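Q: what's the 3D shape of this:
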Amino acid sequence: MVDAADVLSGLRQDGDADAERVRAAFLEMIASTGAATGRPHPRIAVFGEIGALTFASRQTAIEGRLEKIGHELVAGSTTPAVELTCAYPLSLSMDDASFTRVCAAHSVIVVR
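A: Residues are numbered from 1 along each chain as shown. Okay, here's the model as predicted:
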């Protein structure tokens, strides 16, 4: 388990998300988690809160880039198998355009 706010602060360079830092941090987390299972073909579930943090602070450009990078990495990940789930509290008061943009960045949407 990692603190999303700490991870986010480490991924920024000059106030923006550094794509290479994001990729490296994500791949390192996946590799170390997979190794910790001790299994030859682990399955890893990542519950992401960084998108909600950036959205809540109105850093939507960063949030969009992080979503795209995360999904590209998961799609390209074969060993270990990775599933990425993002959480956005409904209390964020998304307007129609924001909600549509967030939904478009994800393959499955569940609203509770």
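Q: Could you pick out the longest helix of the chain?
A: The helix that spans the most residues within the chain, counting by DSSP state H, is helix 19-37.
Q: so what does that helix touch, helix or strand wise?
A: Contact analysis of helix 19-37 by 3 or more CB pairs under 8 Å, 6 or more residues apart in numbering; DSSP states H and E lists helix 4-10, strand 43-48, helix 60-76 as its packing neighbours. No exception for glycine: its C-beta is placed from N, CA and C like everyone else's.
Q: Turn those into a markdown table, columns for distance to His106.
A: Below are those laid out as a markdown table (distance: least, CB to CB, whole Å):
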| stretch | distance to His106 |
| --- | --- |
| helix 4-10 | 17 |
| strand 43-48 | 10 |
| helix 60-76 | 8 |
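Q: Cys86: which of those is closest?
A: Ranking the helices and strands packed on helix 19-37 by proximity to Cys86 (CB to CB) places strand 43-48 first, at 4.5 Å.
Q: So which bits of the closest one are buried?
A: By neighbour count, and taking 16 or more other CB atoms under 10 Å as the criterion, the buried residues in strand 43-48 are 44, 46, 48.
Q: Going by distance to Gly70, which of these wins?
A: Checking the buried residues of strand 43-48 against Gly70 by CB to CB gives Gly48 as the nearest, at 6.5 Å.
Q: Spatially nearest residue to that closest one, not counting backbone neighbours?
A: Distances taken as CB to CB, 6 or more residues apart in numbering place Cys86 nearest to Gly48, at 4.5 Å, with adjacent residues excluded.
Q: wait, what's in contact with the one you found?
A: Contacts here follow CB atoms under 8 Å, 6 or more residues apart in numbering; on that basis Cys86 touches 47-49, 51-52, 67, 70, 106.
Q: Tell me the one of those residues nearest Gln59?
A: When those are compared for distance to Gln59 (CB to CB), Gly51 wins out at 10.0 Å.
Q: Wait, that closest one touches Leu84, no?
A: No - Gly51 lies out of contact with Leu84 (CB atoms under 8 Å); the separation is 10.2 Å.
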